[in-house]
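1. Next one to model:
(one chain, ligands or ions: 1)
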Amino acid sequence: MKKTLVVTYTPRIDSNTKKLVDYFLDYNQDNTNIKILDLTETTPDLLLQENLNLFLKRNYGGIALEDEEVRILEKNDFMLQQVLDADYVVLAYPMYNFSLPATVKAWIDGITQAGKTFKLTETGYKGLCENKKALVLMTTGSDFSVEPVKSMNYATPLISQQFDFIGIPTEHITAFGLQQYPEKVFSILEDSKQEIKSLSDIWYS
Ligand SMILES: Cc1cc2nc3c(=O)[nH]c(=O)nc-3n(C[C@H](O)[C@H](O)[C@H](O)COP(=O)(O)O)c2cc1C
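-> Alright, predicted model coming up:
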């Protein structure tokens with residue numbers, strides 16, 4: 001059975017993003033082997049002075065680390081390994097300030113490791129993840145499906161680029177406008193659930 005890693009950041013009580021995640025989990029419980037990473041409980045380490053320099057020393061300098069140093073990188077390495085072990089990655093979050101929530105960006109910073117998920121080449125870069133697929137589930141308050149607001153959605157191009165960088169193509173299911181259209185919340189979420197169902201049938205058939 002294919003393995004799916006579901007990475008969630010849904011801190012709000014009664015989160016609409018969580019409703020979509022729950023639908024995905026419920027629909028696919030017998031279709032795939034699922035592991036869940038809840039970023040609100042297991043929060044990636046921000047890259048700060050100590051871990052960033054160890055990371056550069058190891059991943060770019062090729063220098064082996066002492067056990068104690070390896071421990072400092074342990075949490076982000078664990079998250080990287082989860083991605084390497086998965087066939088499918090589902091990443092779910094609400095848009096925050098036109099982009100990814102900082103916690104989700106920290107997860108990206110943790111799994112984007114030279115020599116592990118990408119390598120730099122003379123012509124640019126090469127993603128090292130092969131035969132994986134990702135689904136990005138996002139919800140937003142405003143309706144970013146139409147201009148002029150559409151161009152202000154920095155979250156979707158950013159996360160597409162990040163996954164592309166490590167070699168993973170993305171599908172996107174986005175529930176736009178949950179605050180802009182309060183009377184339509186139910187139908188917007190139902191539409192997203194239908195999209196989740198259709199994609200799941202393709203992925204796990
Ligand atoms: C800190 C914060 C920042 C937000 N920034 C945006 C934003 O830039 N654009 C937008 O459309 N909605 C924004 N929202 C609204 C959420 O993206 C939207 O309500 C989303 O559906 C919430 O998902 P949830 O129900 O899973 O918490 C923001 C919400 C919060 C709490």
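2. In the protein, which helix is the longest?
-> When the chain is parsed with DSSP state H, its longest helix is helix 185-203.
3. check whether that helix contacts the ligand.
-> No. Helix 185-203 does not reach the ligand (C-beta under 6 Å from any ligand atom); its nearest approach is 9.0 Å. Yep, even glycine has a C-beta here, placed from its N, CA and C like the rest.
4. neighbouring contacts of that helix?
-> Residues from elsewhere that reach helix 185-203 (C-beta atoms under 8 Å, 6 or more residues apart in numbering): 2, 16, 19-20, 23-24, 27-28, 31-32, 88, 133, 135, 137, 139, 171, 173-178, 181.
5. quick one: the residue located most distally from the centre of the chain and residue 115, what's the gap?
-> Most distant from the centre of the chain: residue 66, at 30.1 Å, with distances by C-alpha atoms, centre = their mean. According to C-beta to C-beta, to the nearest Å, residue 66 and residue 115 sit 19 Å apart.
6. What of residue 73?
-> Distance check for residue 73 against residue 115: by C-beta to C-beta, it reads 13 Å.
7. Would you enumerate the residues in contact with the residue farthest from the centre of the chain?
-> Applying C-beta under 8 Å, 6+ apart, no residues qualify as near residue 66.
8. give me every residue that touches the most centrally placed residue in the chain.
-> In the chain, the C-alpha nearest the mean C-alpha coordinate belongs to residue 91, at 3.5 Å (C-alpha atoms, centre = their mean). Under the criterion of C-beta under 8 Å, 6+ apart, the neighbours of residue 91 are 7, 104, 134, 135, 136, 137, 159.
9. Need the phi and psi values for residue 114.
-> Note on residue 114: backbone dihedrals following degrees, to the nearest 10 are phi -60, psi 140.
10. where does it land on pLDDT?
-> Residue 114 is assigned 95 on the pLDDT scale.
11. Please identify the nearest residue in space to it, excluding sequence neighbours.
-> Sequence neighbours aside, residue 59 is the residue nearest to residue 114 in space, at 4.4 Å (criterion: C-beta to C-beta, 6 or more residues apart in numbering).
12. What count of nearby residues applies to that neighbour?
-> Residue 59 sits with 15 neighbouring residues when counted by other C-beta atoms under 10 Å.
13. Likewise for residue 41?
-> For residue 41, using other C-beta under 10 Å, the count is 8.
14. Is it part of a helix or strand, or is it coil?
-> The three-state assignment at residue 41 reads coil, by DSSP: H, G, I helix; E, B strand; the rest coil.
15. ok, residue 115 - how many residues close by?
-> Residue 115: 12 surrounding residues under other C-beta under 10 Å.
16. can you tell me which residues contact it?
-> Residues near residue 115 by C-beta under 8 Å, 6+ apart: 59, 128.
17. Relative to the ligand, how far out is it?
-> Using C-beta to the nearest ligand atom, to the nearest Å, residue 115 is found at 34 Å from the ligand.
18. before we move on, what about residue 51?
-> Residue 51 sits 26 Å away from the ligand, going by C-beta to the nearest ligand atom.
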